[in-house]
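Trainee: have a look; sequence and predicted model below, questions after that.
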Amino acid sequence: MQPKIVTAENITQAYQFISSGNAELGFVALSQVLKDGKIDGSSWLVPAKLYTSIRQDAVVLTPGKGKPAVDALMKYLKGDKAKAIIKSFGYELP
């Protein structure tokens with residue numbers, strides 16, 4: 001089986017391998033296979049107890065502090081609409 005295993009450089013390349021049919025299966029992000037809130041194709045969701053959560057944050061760098069566009073983006077990201085979008089792609093929020 002070893003000759004059939006291919007390692008992708010990143011999650012996007014792994015998805016490209018399976019979506020193009022060049023790989024029969026692969027580990028990809030849930031958000032890459034969700035279509036209208038449903039999983040496109042066959043899948044196995046890895047149980048959360050088998051991995052450590054990956055925390056993703058948004059930060060404001062010093063040059064952006066106090067700028068209206070930056071403040072508006074951060075406010076949007078913390079709002080209900082953005083949270084709903086994030087959840088619709090299979091991500092959990094704290």
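Mentor: That came through, no problem. Residues are numbered from 1 along each chain as shown.

Trainee: what is the burial count for Lys83?
Mentor: Neighbour count for Lys83, taken as other CB atoms under 10 Å: 13. All C-beta spots, glycine's among them, are computed from the backbone N, C-alpha and C.

Trainee: so who does it touch?
Mentor: Applying CB atoms under 8 Å, 6 or more residues apart in numbering, we find Lys83 in contact with Leu93.

Trainee: host element of it?
Mentor: Using DSSP states H and E, Lys83 maps to helix 80-88.

Trainee: avg pLDDT for that helix?
Mentor: In this model, helix 80-88 has an average pLDDT of 92.

Trainee: what separates that helix from the chain centre, distance-wise?
Mentor: Distance, stretch centre to chain centre, for helix 80-88: 13 Å (CA atoms, centre = their mean, to the nearest Å).

Trainee: send me that helix as PDB with only the CA atoms.
Mentor: Output of helix 80-88 as PDB, limited to C-alpha atoms (Å, rounded to 0.1, in the frame of the first residue of the first chain):
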ATOM      1  CA  ASP A  80     -23.700  36.900  15.000                       C
ATOM      2  CA  LYS A  81     -23.700  37.000  11.200                       C
ATOM      3  CA  ALA A  82     -20.000  36.100  11.000                       C
ATOM      4  CA  LYS A  83     -20.400  33.500  13.700                       C
ATOM      5  CA  ALA A  84     -23.200  31.900  11.700                       C
ATOM      6  CA  ILE A  85     -21.100  31.800   8.500                       C
ATOM      7  CA  ILE A  86     -18.100  30.200  10.400                       C
ATOM      8  CA  LYS A  87     -20.400  27.600  11.900                       C
ATOM      9  CA  SER A  88     -22.000  26.900   8.500                       C
END
